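Novice: give me the fold of what follows.
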Amino acid sequence: MRLRRQHLYLGIPFVALAWIVTLPFADNAVLWHIRAGELQASTGGVLRVDPFSVSHGGLPWRTQSWLADLGYAWLERMVPVLVWAPFVMFAVAGVALASIGLGSWSVNRSVNTAALTMLVGFATLAPFIGARPTLFSYALLGVLVVIVRVERLWWVAIPLIWIWGSVHGSFPVGIGFLVLVAVVIRSRKLFAIATLSALTVMLGAHGVAVVDILRAFLENREALSVISEWQRPDFGNPFLLPILAIGLGVFLAYVRGRLVSRDLIVIAPFVVYALVAERNIPHSAIVLLAAYSGGWAVRTAAPVPESPIAARGWERRLVAVGLVGMVLVGALGISRGVGWSATRFPPPVLTDALLEREVLTNPAVGGYLIYKAWPQQPIFIDDRAELFGSKIVDVAQAIAGDSSVLATYGIEQVLVRRDVPLAGRLRDAGWVTRAEDESWVLFSR
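Specialist: Residues are numbered from 1 along each chain as shown. Predicted structure coming up:
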C-alpha cells in the first residue's frame, strides 16, 4: 500500500494519546493494585482476604484483577514510582484505538473513514484512559469487535475472554457481545464459542469463585451510587459529547440503510448499558463505532474501495516525513515526567504528618495511602466498593458534613480537602489542625 496524505490522519489520535497519558497522575485505583500484586508475588497465591484495611482486615475479599496486579508489581519493581504507567497506558489504549480503526477499515476499505472513526473513538475514550485494569478491557473488547467479523478467528475469543476475566471484572461485557452477535448472525458456532469463553474464565486463579466477586459488586449498589464513575452520565458534561455524536452517527447509518433491524439486537443493549453508568461509556463506544462502520446482520452495499490514484513521489516523501514527525512528537510527549494530581491526592506535607492510626479520608486517597504509606499507616477505607459497602456511603455523608459518623467509627484523624463541609465542622468543633496547604487539611483530636 502506497503512502498517501490520508495516512497522516491515522497518526493524529496516537500523538494526542502520547500527550494525555502524561497528565498529572490521578488514577487512585491502580495504586492499591500494585501493592496487591506485590503481596501475591511474595505469597505465591491470589489474595482471598483483605490485607490492607483495619476496618475489614482479614475479611473475605478476592483480587479479581490478579493477573494485572502481578504485571503492575513486576513493572513497579523494574521501573519504580509509576515511571512505567504512561507507557502502559499508551500501549494498551493504542491497541484499543488501532482495533477501532482496523475494524472500520476492514468493512469500508477507506483510510479516511478509519481515521475519522479512530479520532472519534479517541475523543470518547480520552477521559477514561488511566492505568487501572479497566483499560485492558477496552483493548480486549476492541480486538473482539475485529475478530468477530472473521470466522476463522473466532476461536481467539476464548483465550481473550480468559485474559479479560483475569484482569478485570467487566468480562461479562465481552461474553455478552459475542452472544448478541451470535443471535444477529444466527450462528450456533459463535454462541458455542461464547459459552466456552465463559467457562474458561472459571479456569482462572479464583476458579468458580469468580462468580462470588461479581455478586459482591451487585450486592453493593448503594456504595457504587456515591462513586462518581458509577453514576448515570451527565450529558451536560462536554467531555461526554463524543458518545452522543457516536449515537447520532449510528442512527443516521440506520436511517440510510447501512444497518438493518437485526443489528439493533447488538446496538440497543449497549446504548442502554451506556446510560446506566458513566464508566460504561468506553465499552459502549467501541461497539457502537463498530456498528457505525458496518452492521453484523447484512451488508446493504459493497465496501467503499480506496481511490486507485497513486500518490506522487514528492507526496509519499512528504507523508513519510510527516509520519516520522508524529513519532518524534509522540515520543516527546510520552517521555515527559509524570507528577501527582494536586486536586486528587494530598502532598507529602500532609501524609508525612499522619499519626499511625486510622484516618478518615475519601476512598481515592485511601488507595493512595495504601501505595504510599501502608503497612505503617493504618487504612480505614479505600475505593473497593465490593468490600466496604455501606461504609463508603457513610464516609461520603461524613465528608458532606455529618460529623456523627466519626463518633460511630471512633475516628480521631481526618484528611480532607479544605473546601468540603466536614472541614468547617471540625474547625468549629475544635479539632487540631496538624498540617494543611492551599487544598488539603489534616485534623486530629
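
Novice: can you pull out the helices in the stretch 101-250 of the chain?
Specialist: Using DSSP state H, counting those that start in this stretch, the helices assigned to the stretch 101-250 of the chain run over residues 111-125, 134-147, 157-167, 171-185, 188-201, 210-218, 221-224, 241-255.

Novice: heading C-terminal from the lowest-mean-pLDDT helix or strand in the chain, find the next helix or strand.
Specialist: Here the helix or strand of the chain ranked lowest by mean pLDDT, DSSP states H and E is helix 313-334, holding a mean of 63. Once the chain leaves helix 313-334, the next helix or strand it forms, by DSSP states H and E, is helix 348-351.

Novice: can you count the residues close to residue 235?
Specialist: Using other Cβ atoms under 10 Å, residue 235 has 11 other residues around it. To be clear about C-beta, it is placed using only N, CA and C from the backbone, and glycine gets the same treatment.

Novice: which residues touch it?
Specialist: By Cβ atoms under 8 Å, 6 or more residues apart in numbering, residue 235 lies in contact with 241, 244.

Novice: check what pLDDT it gets.
Specialist: Per-residue confidence at residue 235 stands at 87 (pLDDT).

Novice: and the gap between it and residue 406?
Specialist: 36 Å (Cβ to Cβ, to the nearest Å).

Novice: right, and residue 22 touches residue 86 too?
Specialist: Yes. Counting by Cβ atoms under 8 Å, residue 22 touches residue 86, with 4.9 Å between them.

Novice: the more surrounded of the two?
Specialist: residue 86 (23 against 20).

Novice: and the more buried one, what's its pLDDT?
Specialist: 88.

Novice: just to be sure, residue 285 is in a strand?
Specialist: No. Counting by DSSP: H, G, I helix; E, B strand; the rest coil, residue 285 is not part of a strand but helix.

Novice: OK, contacts around it?
Specialist: 121, 124, 125, 242, 243, 246, 274.

Novice: pLDDT score for the last one?
Specialist: Spelled out, it's residue 274. With respect to pLDDT, residue 274 has a value of 96.

Novice: tell me what angle the host helix or strand of residue 97 forms with helix 111-125.
Specialist: Of the helices and strands defined by DSSP H and E, residue 97 is found in helix 85-108. Angle of helix 85-108 versus helix 111-125, following axes from the mean of the first three to the mean of the last three Cα atoms, to 10 degrees, is 140 degrees.

Novice: could you pull out the buried residues of helix 85-108?
Specialist: 85-90, 92-105, 107-108 (16 or more other Cβ atoms under 10 Å).

Novice: so, low pLDDT: which residues of the stretch 101-250 of the chain?
Specialist: Along the stretch 101-250 of the chain, segments meeting pLDDT under 70 span 221.

Novice: rewinding a little: right, so of the helices of the stretch 101-250 of the chain, which gets closest to residue 431?
Specialist: When the helices of the stretch 101-250 of the chain are compared by Cβ to Cβ, helix 221-224 sits nearest residue 431, at 26.5 Å.

Novice: in that closest one, what's buried?
Specialist: Applying 16+ other Cβ under 10 Å to helix 221-224 flags 223, 224 as buried.

Novice: contacts for that helix next, please.
Specialist: Residues contacting helix 221-224 (Cβ under 8 Å, 6+ apart): 217, 230, 277, 385, 388, 389, 390, 391, 392, 393.

Novice: out of those residues, which are inside helices?
Specialist: Under the assignment DSSP state H, these contribute 217, 385, 388, 390, 391, 392, 393 to helices.

Novice: so how far is residue 347 from residue 438?
Specialist: 10 Å.

Novice: correction: residue 254
Specialist: 51 Å.

Novice: those two: who's more crowded?
Specialist: Neighbours per residue (other Cβ under 10 Å) separate residue 254 from residue 347, with residue 254 holding more: 18 against 14.

Novice: show me what contacts that one?
Specialist: Per Cβ under 8 Å, 6+ apart, neighbours of residue 254: 263, 264.

Novice: how about a cut-off of 10 Å?
Specialist: Counting by Cβ atoms under 10 Å, 6 or more residues apart in numbering, residue 254 touches 260, 261, 263, 264, 267, 291, 292, 295.

Novice: which SS state does residue 414 fall under?
Specialist: Secondary structure of residue 414, per three-state DSSP, is strand.

Novice: can you tell me the number of residues neighbouring it?
Specialist: Residue 414 has 25 nearby residues by other Cβ under 10 Å.

Novice: wait, doesn't it sit right on residue 443?
Specialist: Yes. The pair residue 414 / residue 443 is scored as a contact, 4.6 Å apart, by Cβ atoms under 10 Å.

Novice: what about the nearest residue to residue 205 once chain neighbours are set aside, which helix or strand?
Specialist: Excluding its sequence neighbours, the residue lying closest to residue 205 (Cβ to Cβ, 6 or more residues apart in numbering) is residue 46, at 4.5 Å. For residue 46, there is no host helix or strand (DSSP H and E).

Novice: number of residues surrounding residue 46?
Specialist: So residue 46, with other Cβ under 10 Å, has 20 neighbours.

Novice: for residue 225, same thing?
Specialist: 15.

Novice: wait, isn't residue 213 in contact with residue 62?
Specialist: Yes. Using Cβ under 10 Å, residue 213 is in contact with residue 62, at 5.3 Å.

Novice: wasn't residue 442 part of a strand?
Specialist: Yes. Counting by three-state DSSP, residue 442 is part of a strand.

Novice: spit out the contact partners of it.
Specialist: 346, 349-355, 359, 361, 413-416, 431-436.
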